[in-house]
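Engineer: task: produce atomic coordinates for the following.
(one chain, ligands or ions: 1)
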Amino acid sequence: MRPITGKTRLAGIIGSPISHSLSPVMHNAAFAELGLDWVFVPFAVAPERLPQAIAGLAALGVAGFNVTIPHKVAVMPLLDRIAAEAELIGAVNVVDLKDGVLTGYNTDGIGLLAALEREFGFTAPDRSVLVLGAGGAARAAAAALGSAGAAALCLTNRTPGAAHELVAGLAPRLHGAAWSVETLERLADPGFLSQFDLIVNTTSVGMKGDSFPGLTLAGLKPGLAVYDMVYAPPVTPLMKEAQACGVRTANGLSMLVAQGEAAFTIWTGLTPPQGCMARALAALARPGNP
Ligand code: ATR
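Structural biologist: Numbers count the residues shown, from 1 in each chain. You can find the predicted model right below:
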């Protein structure tokens with residue numbers, strides 16, 4: 001690691017808990033590979049200390065920081081400006097500090113779009129997408145896909161009311177897409193699923209080796225792709241079932257990397273070296289590394 005100097009710039013991530021975060025590994029690898037005198041540090045910030053933390057980071061003159069659970073929404077009123085996509089998504093995962101002005105961005109949505117293009121060559125225009133879930137990650141996915149020109153966006157969620165609310169918020173602002181909400185039971189109907197080009201899982205289902213009850217992927221559109229935002233385990237039951245049906249799959253690591261790359265560019269004005277962040281994560285996952 002290069003020495004900390006009087007000119008070292010500081011970036012970081014605030015969240016609670018934060019010890020599991022992979023962002024320090026990704027960003028410090030990119031700083032090192034580009035020879036930048038920057039460091040990236042995790043900060044555990046309890047919800048009740050968020051206003052002091054933001055004021056403190058601004059006073060210290062950090063370059064910028066990531067924001068993760070549980071602060072992505074609560075941070076918004078504490079910032080000076082909110083970028084359009086963050087306002088649409090209703091959450092901020094990147095804060096940039098320039099000339100004393102704190103600007104909130106959201107790179108989760110564009111991170112997903114970049115990951116879909118890298119993994120599948122998928123671009124949104126004219127495509128039909130099924131989004132599983134209706135939480136913050138679903139909102140980022142739906143807003144990004146809708147903004148990018150998806151023809152149809154269908155949301156399905158364990159609690160249908162949350163999906164209806166999400167669609168009611170986004171549809172009037174992204175009216176180029178046909179929006180709909182379906183019940184989870186429809187996942188058992190191959191006829192229903194066969195209309196989609198892409199299925200995106202934004203829920204935590206799969207993290208514990210669990211799956212969507214009744215989901216039937218047999219008989220799907222050739223060329224369908226399944227993107228699972230879960231990345232641990234690296235192959236979820238949803239992905240396994242999709243693979244068994246000959247469907248292309250990818251896990252959420254590529255989105256994690258792409259949202260990080262976009263944040264890096266916001267802070268530094270530079271593009272991280274291609275593959276650098278992904279390689280840093282892969283090295284971390286190798287046996288022998290805790
Ligand atoms: P995030 O911000 O990461 O999206 P969240 O806002 O807590 O997290 O949303 C989690 C999503 O996963 C929700 O859509 C949730 O469904 P509910 O709205 O019904 O809670 C979904 N989810 C979590 N556990 C689930 C399970 N066991 N089965 C189905 N959906 C589940």
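
Engineer: close to the ligand: what parts of the stretch 101-250 of the chain are there?
Structural biologist: By the rule CB under 6 Å from any ligand atom, the part of the stretch 101-250 of the chain lying against the ligand is 133-138, 157-159, 162, 202-205. All C-beta atoms are positioned from the backbone trio N, CA, C, and that covers glycine.

Engineer: for these, which one is nearest residue 121?
Structural biologist: residue 202 (21.1 Å; CB to CB).

Engineer: now do the contacts for the closest one.
Structural biologist: Residue 202 sits next to 131, 132, 133, 135, 137, 138, 140, 141, 229 when contact means CB atoms under 8 Å, 6 or more residues apart in numbering.

Engineer: so residue 199 versus the ligand, what's the distance?
Structural biologist: 14 Å (CB to the nearest ligand atom, to the nearest Å).

Engineer: what does residue 233 give?
Structural biologist: According to CB to the nearest ligand atom, residue 233 and the ligand sit 16 Å apart.

Engineer: excluding chain neighbours, give the residue nearest to that residue in space.
Structural biologist: Nearest non-adjacent residue to residue 233, counting by CB to CB, 6 or more residues apart in numbering: residue 209, 6.7 Å away.

Engineer: can you redo the contacts of residue 202 as TSV with neighbour count, distance to residue 44 and pLDDT?
Structural biologist: Shown next, in TSV, are the contacts of residue 202 (neighbours: other CB atoms under 10 Å; distance: CB to CB, whole Å; pLDDT from 0 to 100):
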residue	neighbour count	distance to residue 44	pLDDT
131	27	31	98
132	27	30	97
133	25	26	97
135	14	22	95
137	23	22	96
138	23	26	97
140	29	23	98
141	28	27	98
229	26	23	97
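
Engineer: and which of the residues you listed is nearest residue 78?
Structural biologist: Closest to residue 78, out of all of the contacts of residue 202 and judged by CB to CB, is residue 140, at 19.9 Å.

Engineer: with adjacent residues omitted, what lies nearest to the closest one?
Structural biologist: Per CB to CB, 6+ apart, closest to residue 140 is residue 108, 4.0 Å.

Engineer: touching, that neighbour and residue 139? I think so.
Structural biologist: No - counting by CB atoms under 8 Å, residue 108 stays clear of residue 139, with 9.2 Å between them.

Engineer: those two: who's more crowded?
Structural biologist: residue 108 (29 against 26; other CB atoms under 10 Å).

Engineer: OK, contacts around that one?
Structural biologist: Applying CB under 8 Å, 6+ apart, the residues near residue 108 are 89, 91, 93, 137, 140, 141, 144, 255, 259.

Engineer: what is the most widely separated pair among those?
Structural biologist: Pairwise distances among these were taken by CB to CB; the largest, 14.8 Å, belongs to 91 and 255.
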